[in-house]
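Trainee: fold the following, please.
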Amino acid sequence: ECWHASGFVRCRCFCLVYRGTTLGTTPGSTQRARAAILQRVHKHYTQMGSLATRRLRVLTNQLVGGSEQDALLLSREGTAGGAVRSLPRFDPYIMETYLDDLREMKRQVYDLFKYKPELLTGPELSKEDHRAMVRTQLRALLEEGINPLSFFDRDYKKYFYLAECLSMVDLSLMVKSGVQYSLWGGSVLNLGTEQHRRAYFDDIGSFRLPGCFAMTELKHGSNVAALQTEAVLDVLTDEWVVNTPDEGAIKWWIGNAAEDGRAATVFARLKVPAQDGQGGLVDHGVHAFIVPLRDEAGRCLPGVEIHDCGYKVGLNGVDNGAIRFSHVRVPRVNLLDRFATVDKSGRYSSPLTSEGRRFAATLGELTGGRVGLTCGSVGVLKGAVTIAIRYSAGRQQFGPPDSAEVSVLDYQSTQLKLMPLLATAYCLHFAKDHLVNLYCDMKRTKDALLIEEVHSLSAGLKAYTTAYTQDALSVCREACGGHGYAAINRLGQLRSDHDIFQTFEGDNTVLLQQVTGTLLKGYRA
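Mentor: From the prediction side, this is the model:
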């Protein structure tokens, strides 16, 4: 067994091992190698105090075995081992293999940015430069052969795994990719029919047609059923007339809108002429329509007005904008009509008999956004905990007189801060994997009970994970002391960028109320 690297490294069980010595393949060579390691470690610790002596004895137990009395040297005092009698050898590759069956994709993504450092986001970019950088990053992924829309269409597990990987490259990149492929592309694929797929799939996937998901309005966010934007059918021209009736109905915080978006899935109230011939309109509730926004030169089309939402608390690499429509005309076929159709005469029909069921089916197809955010949030938690623990292992403060200073990670106060975060990161990793697997099964089987379960689980896990990660980011920043406040160490930027995860794709308070309703419904049954 060979560790390849050289020098001392502190592993998660807080012992020191010497890396770079091949233990050999025969009993004799292995024993000699172990003796060499112990000799070098002993020399390194010659001038250190009693804590180092205990660690040396523990390391001896790990490599060559020792008495029960020696094993008990790993006491609660001065070490994190606590209640265990001895520390086992730890092979991180085995853990990685167990946790991560798509790790080759992770290496592909991280190698892209590792060997092209000009693609990494610096801490001092302006809003404009950050947006340009994210566009460049996204196109670099496509050139590398990583097509998120292809994953979203054929392999959901890879798509959500990619979201987790991108979360530690740049959260703005992860969110912009999600807007383009999960929200804009996903709404076309999941709410439209085959004609929409043929018309838009390739251009969305290649980023030739950047798009938006225009649901949220200035006055309505979580209450989607109350959206006020209108799409009225003109039976004489066979067109929808999309209009913003008042300022409260302006589409707000729309990702990709400020600079890049050339089309949008617009959620609006579908209205058709009443069949009684009296001139009234029948409101069939909120539906999704494809509405062009800009021409190929980037100019807004007639009737479309777009404004930049400006600097935000975080995610300034995403170009959020506000959109107002003034009687914009689009063809009747631009209705995403998987769950409802309207013919030339204005006759409305749907296989789902009630407006509530149609609305639930429409929103149910958008559950993937919550799953993606959960994966990204878990990725952020893993990254932040790794940064904080590595720093705390190397940082030394105070110690016995005439001895080396003690690693910050050896203090119980630091352990009480960081070890629960590490444990929870593992728990949320497995919970996230369970959710992704259920989501894949749901898309494959279309089982009604599974759809309800995924809807509830994705709501609850998204709310819990994002809230926990946001708190953990502050703990990790504080655990790194003053150096944690440096922008280059990323904890502050991660905290700012991740903050909105608690709000978009469903406000956490509202999501938890939905979960509560589902649980009460099950209890009453």
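Trainee: hang on, residue 266 packs against residue 242?
Mentor: Yes. Between residue 266 and residue 242 there is a contact under CB atoms under 8 Å: 6.3 Å. The C-beta positions use only the backbone N, C-alpha and C, and glycine is treated the same way.
Trainee: of these two, which one has the most company?
Mentor: Shown here are residue 266 and residue 242; by other CB atoms under 10 Å, residue 266 has more neighbours (29 against 24).
Trainee: can you pull the contacts of that one?
Mentor: Going by CB atoms under 8 Å, 6 or more residues apart in numbering, residue 266 touches 214, 229, 231, 242, 251, 288, 289, 290, 291, 325.
Trainee: again, only this time at 7 Å
Mentor: The contact partners of residue 266, by CB atoms under 7 Å, 6 or more residues apart in numbering, come to 214, 229, 242, 289, 291.
Trainee: and what of residue 340?
Mentor: If you count contacts by CB under 7 Å, 6+ apart, residue 340 has them with 287, 348, 350, 358.
Trainee: could you redo the residues you listed as TSV and give each row pLDDT?
Mentor: Converted to TSV, those look like this (pLDDT from 0 to 100):
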residue	pLDDT
287	96
348	95
350	92
358	85
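Trainee: per-residue pLDDT of residue 29, please?
Mentor: pLDDT recorded at residue 29 is 52.
Trainee: and if you look at residue 359?
Mentor: Residue 359 is given a pLDDT of 82.
Trainee: distance check, residue 226 against residue 373.
Mentor: As judged by CB to CB, to the nearest Å, residue 226 and residue 373 stand 23 Å apart.
Trainee: looking at these two, which is more packed in?
Mentor: Each of residue 226 and residue 373 has its neighbours counted (other CB under 10 Å); residue 373 has more, 29 against 11.
Trainee: residues touching residue 319, list them.
Mentor: Residue 319 makes contacts with 131, 256, 257, 258, 259, 260, as judged by CB under 7 Å, 6+ apart.
Trainee: now the residue most central in space within the chain: phi and psi?
Mentor: The C-alpha lying nearest the average C-alpha coordinate of the chain belongs to residue 376 (CA atoms, centre = their mean; 1.5 Å). Residue 376 adopts backbone torsions of phi -60, psi -40, taken as degrees, to the nearest 10.
Trainee: quick one on the thing from earlier: nearest to residue 496 among the contacts of residue 340?
Mentor: Proximity of the contacts of residue 340 to residue 496 (CB to CB) peaks at residue 287, which lies at 35.3 Å.
Trainee: which residues do residue 266 and residue 242 both contact?
Mentor: With CB under 7 Å, 6+ apart as the test, residue 266 and residue 242 both reach 289, 291.
Trainee: show the buried residues in the contacts of residue 340.
Mentor: Among those, those classed as buried by 16 or more other CB atoms under 10 Å are 287, 348, 350, 358.
Trainee: and those residues as a markdown table, adding distance to residue 274?
Mentor: A markdown table is the format used below for those (distance: CB to CB, whole Å):
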| residue | distance to residue 274 |
| --- | --- |
| 287 | 18 |
| 348 | 11 |
| 350 | 17 |
| 358 | 19 |
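Trainee: tell me the SS of residue 271?
Mentor: At residue 271 the chain is in strand, as set by DSSP: H, G, I helix; E, B strand; the rest coil.
Trainee: list the helices and strands the helix or strand residue 427 falls within packs on?
Mentor: Per DSSP states H and E, residue 427 falls inside helix 412-445. With contacts taken as 3 or more CB pairs under 7 Å, 6 or more residues apart in numbering; DSSP states H and E, helix 412-445 sits against helix 156-167, helix 368-394, helix 448-479.
Trainee: relative to residue 504, which of those is closest?
Mentor: Counting by CB to CB, residue 504 lies closest to helix 368-394 out of those; the figure is 7.7 Å.
Trainee: go through the helix holding residue 427 and flag the buried ones.
Mentor: Neighbour counts over helix 412-445 (16+ other CB under 10 Å) mark 414-415, 417-419, 421-422, 424-425, 428-429, 431-433, 435-436, 438-440, 442-443 as buried.
Trainee: by how many degrees do it and helix 156-167 diverge?
Mentor: Put simply, helix 412-445 runs at 150 degrees to helix 156-167, going by axes from the mean of the first three to the mean of the last three CA atoms, to 10 degrees.
Trainee: in a markdown table, list the helices and strands packed on helix 412-445 along with mean pLDDT and distance to residue 282.
Mentor: Formatted as a markdown table, the helices and strands packed on helix 412-445 follow (pLDDT from 0 to 100; distance: least, CB to CB, whole Å):
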| stretch | mean pLDDT | distance to residue 282 |
| --- | --- | --- |
| helix 156-167 | 97 | 37 |
| helix 368-394 | 96 | 30 |
| helix 448-479 | 96 | 29 |
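Trainee: residue ranges with poor pLDDT in the protein?
Mentor: 1-88 (pLDDT under 70).
Trainee: 50 instead?
Mentor: The model of the chain has pLDDT under 50 over residues 1-27, 45, 47-49, 62-85.
Trainee: what's around residue 101, how many residues?
Mentor: Based on other CB under 10 Å, the number of other residues close to residue 101 is 12.
Trainee: SS state for it?
Mentor: coil.
Trainee: so what's it up against?
Mentor: Per CB under 7 Å, 6+ apart, neighbours of residue 101: none.
Trainee: again with residue 418
Mentor: With CB under 7 Å, 6+ apart, residue 418 has these contacts: 385, 388, 389, 392, 479.
Trainee: hmm, which two among these are most spread apart?
Mentor: Pairwise distances across the contacts of residue 418 peak at 10.5 Å for 385 and 392 (criterion: CB to CB).
Trainee: Serialize the contacts of residue 340 to a markdown table and add fields for distance to residue 333 and secondary structure.
Mentor: Converted to a markdown table, the contacts of residue 340 look like this (distance: CB to CB, whole Å; DSSP: H, G, I helix; E, B strand; the rest coil):
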| residue | distance to residue 333 | secondary structure |
| --- | --- | --- |
| 287 | 13 | strand |
| 348 | 15 | strand |
| 350 | 17 | coil |
| 358 | 19 | helix |
